[in-house]
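Take this sequence and fold it.
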Amino acid sequence: MNKHKAKIGKLYEHPISGNIDTTKLLHALEHYGATVDMNKQHRALIHLNGKEHSLALSHRKELSKDAIVSMRHFLEEVGLTEDKL
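Below you'll find the model as predicted:
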């Protein structure tokens, strides 16, 4: 399993993982074709398969559990599910 697949796979873990590094996750998403734009409101705008998701970036470099659930729903919507990685 490559590191990008493993990083995105962590979003689908139960119970929700509390240590997903935001930077590494964004790089993994880019590997799977996403474009990521950073805005001045400290958010990452993720564009993938014609859809957009806004991800709040915290000062801790890890995603909150709410952000993980939100990302999971976005990835399911664009068809990037664990079984398709």
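
and the longest helix anywhere in the chain, what other elements does it pack with?
Ranked by number of residues, the top helix in the chain under DSSP state H is helix 65-77. Secondary-structure packing of helix 65-77 (3 or more C-beta pairs under 8 Å, 6 or more residues apart in numbering; DSSP states H and E): strand 51-56. Glycine gets a C-beta too; all of them are placed from N, C-alpha and C.

Now the strand it packs on: buried residues?
Residues of strand 51-56 classed as buried by neighbour count (16 or more other C-beta atoms under 10 Å): 53, 55.

just checking, next helix/strand downstream of the helix or strand bottoming out on mean pLDDT in the chain?
Lowest by mean pLDDT, DSSP states H and E among the helices and strands of the chain is helix 3-9, with a mean of 91. Going down the chain from helix 3-9, the next helix or strand is helix 22-31, by DSSP states H and E.

Just checking the distance from the longest helix of the chain to the centre of its chain.
In terms of C-alpha atoms, centre = their mean, to the nearest Å, the gap separating the centre of helix 65-77 from the centre of its chain is 7 Å.
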